[in-house]
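**Q** Sequence first, then the predicted structure, then my questions.
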Amino acid sequence: MPDAMDVLRLLAVSCGVVGRASSVLSVDGDNFYATLREHPRLMLFFYAPWCGHSKKMEPEFEKAASSLQGNVAFARIDASLEVEIAEEFGLKSYPGIFLLHRAHWEEYTGRRHEQAMVEWLRNKVGPALEVKKSEAELQTALANRGAGAAFIARGDEKLQEAMSRVAERNRSLGSFFFLRGHGPSEVSLHHGLGESINIEAALDNPDFEGTLPSVLRSALLPSFGEVAEENFFHYESGNFDALLWALFANSTDGTPCSRSRCLEQAWEHAEMLRAVADGFENIKAVFVDVHTYKEYVVNELGCDEFPALLLQKGPLTDDTLPRYVLPFTSDLDAKAITAWVTQALADGATSEPTSQDDL
């Protein structure tokens with residue numbers, strides 16, 4: 001995947017440095033650590049004065065700072081001057097934005113819009129574990145959670161306290177929910193599309209809190225699931241042999257469909273695409289809201305005709321590797337798709353799909 005992902009993967013947000021808003025602090029090497037001590041929660045924005053993306057995104061960062069004034073401090077720092085501080089955060093390109101919370105920090109990888117930043121921050125600075133009062137309330141939260149994974153614990157107060165600590169240290173994995181119950185304690189991972197994994201065996205481990213995060217990470221990504229800004233990082237860093245993208249469209253005119261329609265088609269094809277992915281040792285099948293992320297699909301994946309299946313070879317950070325596109329017709333089944341994927345992985349010599357270079 002390329003570094004510049006204006007739709008799905010944004011290593012940064014806001015940066016523009018023309019003028020100063022009263023809601024955004026300006027920090028440098030002289031006051032950086034003092035600022036951290038003064039503000040336990042700090043949204044830190046690395047920029048370079050010559051960065052065009054920085055200038056473009058400044059208004060969005062300023063608006064987000066104004067919206068959350070009093071809850072989270074916002075600050076900017078010139079990374080072209082404060083090189084050592086930028087290196088501490090592993091900054092690779094401009095702009096870059098990070099949430100610092102005491103001794104911990106997390107990179108923001110969402111869209112370059114005020115609303116996206118505000119929603120992300122509210123999730124991060126609110127309670128890490130959402131406690132629900134009823135099964136109905138829990139199911140409503142799951143339905144509205146988006147593409148990210150959801151971890152659900154049911155049990156007593158002791159489990160609630162343990163899960164709260166686990167959730168606080170592992171917010172980046174997904175959403176954490178708790179429902180007080182009188183039956184046996186249980187922990188499960190909800191992937192969406194009707195797929196969930198019961199991981200209550202982890203409860204038997206004496207070091208439950210220490211081992212649970214690794215168990216959750218190992219089961220984090222489903223055989224077939226949705227990709228969006230909140231979980232793309234996990235796919236990109238997954239070291240897969242390939243991703244099989246299902247790019248759905250409206251049946252009437254072949255235009256990219258809305259997320260609700262994409263979800264309907266994902267449910268319709270879930271069993272088939274899971275079977276394809278499960279037939280390979282290190283491949284995941286995914287779908288994306290093509291309407292929202294059309295710019296990314298066309299410019300970065302290299303596909304502009306829908307519906308389609310697109311095979312993206314790994315490592316996913318290498319955008320020089322070929323991609324192969326197959327029209328997603330109604331006569332395709334798991335066997336045919338598996339044969340196509342196998343051939344593309346072996347030598348790339350496919351009859352119907354073409355290399356991205358030929359698109």
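**A** It's in. Numbering: from 1, shown residues only.

**Q** Could I get the pLDDT score of Leu221?
**A** Reading off the per-residue confidence, Leu221 sits at a pLDDT of 90.

**Q** What is the neighbour count of it?
**A** By the other CB atoms under 10 Å criterion, the neighbourhood of Leu221 contains 18 residues. From N, CA and C alone the C-beta is placed, and that goes for glycine too.

**Q** and if you look at Lys313?
**A** 18.

**Q** And for Ala128?
**A** 18.

**Q** Give me the below-cutoff pLDDT ranges for the stretch 1-150 of the chain.
**A** Low-confidence segments of the stretch 1-150 of the chain (pLDDT under 70): 1-22, 70, 102-103.

**Q** swap in the stretch 151-300 of the chain?
**A** Applying pLDDT under 70 to the stretch 151-300 of the chain flags the ranges 182, 200-202.

**Q** let's see it at 90
**A** Residues of the stretch 151-300 of the chain that meet the criterion pLDDT under 90 lie in 155-156, 158-159, 167-175, 180-187, 191-220, 227-240, 249-260, 291-296, 299-300.

**Q** Tell me where it has strands.
**A** According to DSSP state E, counting those that start in this stretch, the stretch 151-300 of the chain carries its strands in the segments 174-180, 186-192, 195-198, 224-226, 242-247, 283-287.

**Q** With the stretch 1-150 of the chain instead?
**A** Using DSSP E, counting those that start in this stretch, strands in the stretch 1-150 of the chain cover 24-27, 41-47, 73-78, 96-101, 104-107, 129-132, 149-155.

**Q** Would you mind telling me which of those is nearest Pro315?
**A** Smallest distance to Pro315 across the strands of the stretch 1-150 of the chain (CB to CB): 19.3 Å, for strand 104-107.

**Q** Cys257 against Leu247, yeah?
**A** No: with the criterion set as CB atoms under 8 Å, Cys257 and Leu247 do not qualify as a contacting pair; they are 9.8 Å apart.

**Q** okay, the two: which has more neighbours?
**A** With other CB under 10 Å as the criterion, Cys257 and Leu247 differ in neighbour count, and Leu247 comes out ahead with 25 against 22.

**Q** which residues does the nearest residue to that one once chain neighbours are set aside bridge with?
**A** Of all residues not flanking Leu247 in the chain, Ala308 sits nearest, at 4.7 Å (CB to CB, 6 or more residues apart in numbering). In this structure, Ala308 bridges to Leu247, Pro327 when assessed by DSSP bridges.

**Q** Next up, the contacts around Ala308.
**A** Under the criterion of CB atoms under 8 Å, 6 or more residues apart in numbering, the contact list for Ala308 reads 247, 325-328.

**Q** Could you tell me which of those residues count as buried?
**A** With burial judged by 16 or more other CB atoms under 10 Å, the buried subset of these is 247, 325-326, 328.

**Q** Mutual contacts of Cys257 and Leu247, please.
**A** With contacts taken as CB under 8 Å, 6+ apart, Cys257 and Leu247 have Val290 as neighbours in common.

**Q** May I see the strands of the stretch 151-300 of the chain organised as TSV, with distance to Val297 added?
**A** Listed next are the strands of the stretch 151-300 of the chain as TSV, based on distance: least, CB to CB, whole Å:
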stretch	distance to Val297
strand 174-180	24
strand 186-192	20
strand 195-198	24
strand 224-226	14
strand 242-247	6
strand 283-287	11
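
**Q** Looking at those, which is nearest to Val72?
**A** Within the strands of the stretch 151-300 of the chain, the stretch nearest Val72 is strand 174-180; the backing value is 19.4 Å (CB to CB).

**Q** tell me the angle of the closest one relative to strand 186-192?
**A** Note on geometry: by axes from the mean of the first three to the mean of the last three CA atoms, to 10 degrees, strand 174-180 and strand 186-192 are set 130 degrees apart in direction.

**Q** In strand 174-180, which residues are buried?
**A** Using 16+ other CB under 10 Å as the test for burial, strand 174-180 gives 174-179.

**Q** Find out how far that strand is from the centre of the chain, if you would.
**A** Here strand 174-180 shows a centroid-to-chain-centroid distance of 18 Å under the convention CA atoms, centre = their mean, to the nearest Å.

**Q** Pull up the pairing partners for it, direction included.
**A** Take DSSP bridges as the rule and strand 174-180 pairs in its sheet with strand 129-132 (parallel), strand 149-155 (parallel).
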